[in-house]
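Chemist: pasted the sequence and its predicted model underneath.
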Protein chains: 2
Amino acid sequence: MRTPTELTEAFRARGLKVTPQRQLLFRLLHGNTQHPTAEALFATASAEMPGISLRTVYQTLADLASMGELQQVAFGSGPTRFDPNVDEHHHVVCDRCGAVRDVWVDGIADLRMAPLDGFEPSVTEIVLHGRCAACAATEPTASTVPPINQPTS
Amino acid sequence: MRTPTELTEAFRARGLKVTPQRQLLFRLLHGNTQHPTAEALFATASAEMPGISLRTVYQTLADLASMGELQQVAFGSGPTRFDPNVDEHHHVVCDRCGAVRDVWVDGIADLRMAPLDGFEPSVTEIVLHGRCAACAATEPTASTVPPINQPTS
DNA sequence: TGCTCGTTCGCACGACTTGCGAACACTCAC
DNA sequence: GTGAGTGTTCGCAAGTCGTGCGAACGAGCA
């Protein structure tokens, strides 16, 4: 995702208006590696701008996604998360605490897949499920705590 | 997923009762490669057994999943899909029509990932997004039809 | 056959997201 | 600076997907 200043230009260039609400969200998202949900962004935004609406957060996130400035990612059945990192990368998900981190994966071109039967893949998405360092360290015993997400494959 | 007969045994062995509703769902799921949603199964089941409840379909699917006879898979933000194939495999998803197929992937062990910083992956999930053969053939021009799912990574 | 306990099923509710429309405010032209 | 016009905000309602609850039911066993 581009900087708040560049996004301001980009919005104006598209005939979109630059409101304080949007500028706030540009700032909150820029460089954000937390993969926040709309609700989480709304909470952070509300602290700075009481009265901002969750509806506006959803709307602005949708605008940014449609401009290619954000990726929408969904892991399991939880709420959609938003990733300002639009470079080619992948994700690790802690099935215990739900934390998400970016990860770069090498060697995807060497994967051998069958059968494809005419299917034309354009995007390869890799998600590593497991335990983050913090959860692995505090794990009581072998999974006595139910995971918040089932591994979905 | 095991055969309807084996599942009948397994349910009884666990003290679970085998009802006509469950037996119907066992049959509809066994060998099913469609990755159906609960709603889709409910529609099919209703044709054979009018009066069956969507609630019962969800309940039985949850029971089967908790017994390890089914995988729950979620692609993007749509409804959960259920996969009676519990072998290690991956999925291809047509972003135009939503079709899902199983795919076997070789070479996963050779992938190089960084940074993991103590994250302990237990499951690697690979989803190929693209166009199924049918959609690729009927594609009008370059994506004039919006995809039903954004590639989620 | 009769009893017991798990199951079914409809309804209501919860989480997440989107549609709608009135009031508002950013931009631009003057 | 001011006013007009159009896009935006925001609250509410509604939609989608899934689950909790409890009364009625029925599978399985003695």
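Modeler: The structure has been received and is ready for your questions. Numbering: from 1, shown residues only, chains lettered A, B, ... in the order given.
Chemist: for the rest of this, base every contact and every neighbour count on C-alpha atoms.
Modeler: Noted.
Chemist: any idea how far apart the tips of stretch A:63-72 sit?
Modeler: Stretch A:63-72 has an end-to-end distance of 12 Å (Cα to Cα, to the nearest Å).
Chemist: any residue of it touching chain B?
Modeler: Yes - contact of stretch A:63-72 with chain B (Cα under 8 Å from any Cα of the partner chain) involves A:71-72.
Chemist: repeat for stretch A:87-105
Modeler: Yes - with Cα under 8 Å from any Cα as the criterion, chain B is reached by stretch A:87-105 at A:88-90, A:92, A:103-105.
Chemist: let's have these in CSV, adding pLDDT and secondary structure.
Modeler: Formatted as CSV, the residues of stretch A:87-105 next to chain B follow (pLDDT from 0 to 100; DSSP: H, G, I helix; E, B strand; the rest coil):
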residue, pLDDT, secondary structure
A:88, 95, coil
A:89, 97, coil
A:90, 98, strand
A:92, 97, strand
A:103, 97, strand
A:104, 98, strand
A:105, 97, strand
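Chemist: so what are the domain limits for chain A?
Modeler: Residue ranges for the domains of chain A, per automatic domain parsing: A:4-73, A:87-138.
Chemist: which stretch of helix or strand covers residue A:129?
Modeler: strand A:120-131 (DSSP states H and E).
Chemist: now residue A:61
Modeler: Element membership of residue A:61 [criterion: DSSP H and E] is helix A:54-66.
Chemist: strand partners (parallel or antiparallel) of the very next helix or strand once past that helix?
Modeler: With elements assigned by DSSP H and E, the helix or strand that comes after helix A:54-66 is strand A:71-73. Looking at strand A:71-73 with DSSP bridges, its partner strands are strand A:81-83 (antiparallel).
Chemist: now the strand it pairs with: average pLDDT?
Modeler: Taken as a whole, strand A:81-83 carries a mean pLDDT of 98.
Chemist: neighbours of residue A:109, how many?
Modeler: By other Cα atoms under 10 Å in any protein chain shown, the residues close to residue A:109 number 9.
Chemist: and it, what does it touch?
Modeler: For residue A:109, the contact set (Cα atoms under 8 Å, 6 or more residues apart in numbering or on different chains) is empty.
Chemist: got phi/psi on it?
Modeler: phi -60, psi -20 (degrees, to the nearest 10).
Chemist: tell me the confidence at it?
Modeler: pLDDT, residue A:109: 95.
Chemist: and residue A:59, by the same measure?
Modeler: 98.
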